[in-house]
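Engineer: A predicted structure for the sequence below; I have some questions about it.
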Amino acid sequence: MLRLVFSLSVTFLCSIIASIIGVAYIGQHSLVNHLENDPSQVISGIYRIIQDQFESSTAETQNQTAQKISQLLDCPVRIVDYDPSFLPERLSNQPLTDKPILDAILRIAYFPIHQQKQLVIIGPISTFQPPANWFYAIISACYVAFVLVLTAFAIGIPIIRYMKKLELATRQISAGDFSARAPLPSYHVLGFSKYFRNFALLFNRMAEATENTFKHQQKIFQAVAHEVRTPIARTRFALDLLAITEDQEQREKHLAAIDSDMEEIDSLVSELITFNRFDNRSNFTQPPLNLQVFNPYEILNQLINQLRFLENGRSLTLTGPQEMPWIQADIKAFERATSNIIRNALRYAVSKVEVQIAERDQCVEIRVKDDGPGVPESDRKRIFEPFVRVDDSRNRKSGGTGLGLAITARIVQSHHGQLYVEEAPGGGACFVSTWSKVASPDASSGN
């Protein structure tokens, strides 16, 4: 922005200076050009004045007459007896007649009078002698205005054209066409191209983010509608059966089915709220986090003990040093993310789930390995998107809303960590998450 303002200022300053120089040049050469190129109007007119004044004057009044003419022409005027030495060498070879002699270099005019016996010498004429009339003032003003208008057009027309293109792109986006982009400028005017290029890049980045967010939200809305449709259909079917069933035991089964479907919808809504909280593509901002410093091993150990009721004949173990570097994170978000991964592993494990915690260079790494079917390599990135199921039928039977891993990925990202899945040694899936570590609670609070 400062460069743009500086360029505009320099441009208009140069235009004003050029205008002043042009006006001065016109004024400087106005009288001399008239003397050189139009003697019939200017010189003849001055000569008539001199003849009228000096021919009728006496020797005693000639000096007074010279002073009057000097005041009239605003330049020195003197009368001398003719002597060839008064003329410059380059003019001395010109015969003296009843016509004036003009020295354009020295800006001096010689007017013979009294049958060439005397000379009236006028000059040197001032370097800036504009004609005393409104015509010169109008011409000067028009020249200045022309230079400034020409400069404004040279700079303004490309800018106006480009701003119209930006306006068109803005109107398209406001009308719902999020694929519209601002064109990059293809001209160079005093550095404006770089300024508008940066502006266009930022505009296009904003438009791309808006388009991705809109598509992301559309995808979420469609997926939610699809997920909610199934329990709603089951609920309606159970209500229809409830209306025609008289057996009390069957009615209780239908009521239990309706309650289960309501719980599924409630769970989906709760997961959506959590997902939206950590989804930066929906919020455009970092989610509010209650950051605390804690030992991740202790939290993981407590969490695993709480999830042992899901083992169902499968083993759930935690390995790693208890004296781990401390991490800085939102404890509830950390528990939610690791719990989702462990629950997912227990859902597909055949016999065991192993949780490993280890220290790496700048982080603490948590690995959750199971001996289940694993995740195909082609789906290892897609699996962290909302409502994505690698095997739709198996996932529906195994329960879940389809948002667990998506929420986990966004929680880890909000803590500037990484989450990915790879093949576990011996088969199965291995989910790896990283968390930034701190040396100690004192060091963290000191920062």
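Structural biologist: In hand now; what should we look at?
Engineer: which residues sit in contact with residue 292?
Structural biologist: Residue 292 makes contacts with 328, 329, 330, 331, as judged by C-beta atoms under 8 Å, 6 or more residues apart in numbering. Glycine gets a C-beta too; all of them are placed from N, C-alpha and C.
Engineer: quick one, longest helix in this structure?
Structural biologist: In the chain, with assignment by DSSP state H, the single longest helix is helix 192-244.
Engineer: which stretches in the chain count as helices?
Structural biologist: Using DSSP H, helices in the chain cover 2-37, 42-55, 62-73, 89-92, 134-174, 192-244, 248-278, 280-283, 296-306, 331-348, 392-398, 404-414, 441-446.
Engineer: quick check: bridge partners of the closest residue in space to residue 67 that isn't next to it in sequence?
Structural biologist: Counting by C-beta to C-beta, 6 or more residues apart in numbering, residue 67 lies nearest to residue 77, which is 7.6 Å off, once chain neighbours are set aside. Counting by DSSP bridges, residue 77 forms beta bridges with residue 122.
Engineer: what's the neighbour count on residue 77?
Structural biologist: For residue 77, the neighbour count with other C-beta atoms under 10 Å is 21.
Engineer: so that it lines up with my notes, have the first residue be 9 from now on.
Structural biologist: Will do, 9 is the new start, and the previous item becomes residue 85.
Engineer: now do the longest helix of the chain and helix 412-422, the angle between them.
Structural biologist: Relative orientation of helix 200-252 with respect to helix 412-422: 150 degrees, computed using axes from the mean of the first three to the mean of the last three C-alpha atoms, to 10 degrees.
Engineer: before we move on, back to that, what's the residue nearest to residue 75 in contact with, if anything?
Structural biologist: Neighbours of residue 85 in contact, by C-beta under 8 Å, 6+ apart: 74, 75, 77, 78, 128, 129, 130.
Engineer: what's the burial count for residue 80?
Structural biologist: Neighbourhood size, residue 80 [other C-beta under 10 Å]: 12.
Engineer: please disregard the earlier target; I meant residue 447.
Structural biologist: Other residues near residue 447 number 12, with proximity taken as other C-beta under 10 Å.
Engineer: check contacts around it.
Structural biologist: Residue 447 neighbours (C-beta under 8 Å, 6+ apart): 333, 334.
Engineer: with residue 434 instead?
Structural biologist: With contact taken as C-beta under 8 Å, 6+ apart, residue 434 is in contact with residue 379.
Engineer: measure it to residue 312 for me?
Structural biologist: Here the criterion is C-beta to C-beta, to the nearest Å. By it, residue 434 lies 21 Å from residue 312.
Engineer: ok, now residue 333?
Structural biologist: From residue 333 to residue 312 the distance is 20 Å (C-beta to C-beta).
Engineer: over to residue 75?
Structural biologist: 117 Å.
Engineer: ok, residue 267 next?
Structural biologist: With the distance defined as C-beta to C-beta, residue 267 ends up 30 Å from residue 312.
Engineer: repeat for residue 172
Structural biologist: Distance of residue 172 to residue 312, given as C-beta to C-beta: 63 Å.
Engineer: could you do residue 437 as well?
Structural biologist: From residue 437 to residue 312 the distance is 18 Å (C-beta to C-beta).
Engineer: who has more neighbours, these two?
Structural biologist: Under the neighbour definition other C-beta under 10 Å, residue 437 and residue 312 were set side by side, and residue 437 has more, 24 against 18.
Engineer: contacts only, for the more buried one.
Structural biologist: Counting by C-beta under 8 Å, 6+ apart, residue 437 makes contact with 353, 356, 377, 378, 380, 382, 383, 429, 430, 431.
Engineer: and these, which is closest to residue 182?
Structural biologist: Comparing those against residue 182 with C-beta to C-beta picks out residue 429 as the nearest, at 40.4 Å.
Engineer: the closest one against residue 388, yeah?
Structural biologist: Yes. Using C-beta atoms under 8 Å, residue 429 makes contact with residue 388 at a distance of 5.0 Å.
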